[in-house]
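In: need coordinates for the below:
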Amino acid sequence: MKKITLTLSLLILGLASFGQSEQYKKGMSAMLQKMQGAANSVDLYQDAANGFIRIADAEKSEWLPKYYASFCMVMQAMNSKDMTKIDPVLDVADKLLSEIASVKESDEVLCLQSFSRSARIAVDPMTRGMKFGPEAAKLLARAKTINPNNPRVYFLLGQSAFYTPEAFGGGKKAAQSLFTEAAEKFNTFTPLNELMPNWGKEVNESMLKQCAKKTNYFIKQKSRSKRLRDFLLHTKNKTTLIKSNDIIIYPLDIWINTSQLVITITR
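Out: Prediction:
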């Protein structure tokens, strides 16, 4: 009789676990669809993050809900036009990622932690780059050690190189080789299941196209310094920061206005 009771108990427990697992998968799949449809909208990423947090509260043994909530928050920060909102949302993302890291070491978590560090740089690039840049690189180095075939490692390294001046080891050429390596690994990468991280491929392809574009400098001459104008038009070192009494040029897609010249820089 005891044996029959035990068997029935195990059967009921197994059915309950199956039902919970199916409910978890269904909920996660729905939120992943919502996340993928956020289309760089800060509000939609926030909605998706809230959904993943609700799942995390219900499924405390699962790490993916916290991971995706953190990913949505990092994307919020990356797309935010209000610099004052970046740190608070990343503080929450980093806390969730630290909770995951305290119980398991994962190359995917390390990649996302690195992505979060990079997102903080936008608040004040001149001062924060020296702090968060090396931290982000260290996290990616650890992720690469754990899984050298993770394409997100090379994608994030490529992004870092793309936005780093050539004088500091970055630039389009350095980024292009990393994005190319990432593309190769994306083509052979297969997640363990449909819920595991699988992001970055489309953006990587877009960044490769950006690397292939030529940087053009359009100059409206307001200065009588023809020699400076000719130098700017013909110099091959387009990404080096140039300073003079007449002009300051940064290798970014921005307008630069001075009393001497008006320049449009595009990629």
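In: tell me the first helix or strand C-terminal of the host helix or strand of Lys173.
Out: For Lys173, the host element (DSSP states H and E) is helix 172-188. Moving toward the C-terminus from helix 172-188, the next helix or strand (DSSP H and E) is helix 201-212.
In: tilt between that next one and helix 172-188?
Out: 150 degrees (axes from the mean of the first three to the mean of the last three C-alpha atoms, to 10 degrees).
In: for helix 201-212, C-alpha coordinates in PDB please.
Out: C-alpha atoms of helix 201-212 as PDB (Å, rounded to 0.1, in the frame of the first residue of the first chain):
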ATOM      1  CA  LYS A 201      23.500  38.700 -35.400                       C
ATOM      2  CA  GLU A 202      21.400  41.300 -37.200                       C
ATOM      3  CA  VAL A 203      23.200  44.200 -35.500                       C
ATOM      4  CA  ASN A 204      26.500  42.600 -36.300                       C
ATOM      5  CA  GLU A 205      25.600  42.500 -40.000                       C
ATOM      6  CA  SER A 206      24.600  46.200 -39.800                       C
ATOM      7  CA  MET A 207      27.900  47.100 -38.200                       C
ATOM      8  CA  LEU A 208      29.800  45.200 -40.900                       C
ATOM      9  CA  LYS A 209      28.100  47.400 -43.500                       C
ATOM     10  CA  GLN A 210      29.100  50.500 -41.500                       C
ATOM     11  CA  CYS A 211      32.700  49.400 -41.600                       C
ATOM     12  CA  ALA A 212      32.500  49.100 -45.300                       C
END
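In: picking that back up, which of the residues in the helix holding Lys173 are buried?
Out: Lys172, Ala174, Ala175, Gln176, Leu178, Phe179, Glu181, Ala182, Ala183, Lys185, Phe186 (16 or more other C-beta atoms under 10 Å). No exception for glycine: its C-beta is placed from N, CA and C like everyone else's.
In: mind pulling up the pLDDT for the second one?
Out: Model confidence at Ala174, given as pLDDT, is 94.
In: with the last one instead?
Out: What the model reports as pLDDT for Phe186 is 98.
In: ok, it - contacts?
Out: Pro151, Phe155, Gly200, Lys201, Asn204 (C-beta atoms under 8 Å, 6 or more residues apart in numbering).
In: swap the cut-off to 6 Å and go again
Out: Pro151, Lys201 (C-beta atoms under 6 Å, 6 or more residues apart in numbering).
In: what does the first one give?
Out: Remark: with contacts taken as C-beta under 6 Å, 6+ apart, Lys172 is in contact with Cys211.
In: ok, the third one next?
Out: Remark: with contacts taken as C-beta under 6 Å, 6+ apart, Ala175 is in contact with Gly158, Ala161, Phe162, Cys211.
In: which of the residues you listed are buried, as a ChimeraX select command?
Out: The ChimeraX command for the buried members of the contacts of Ala175 (criterion: 16+ other C-beta under 10 Å) is given here:
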select :158,161,162,211
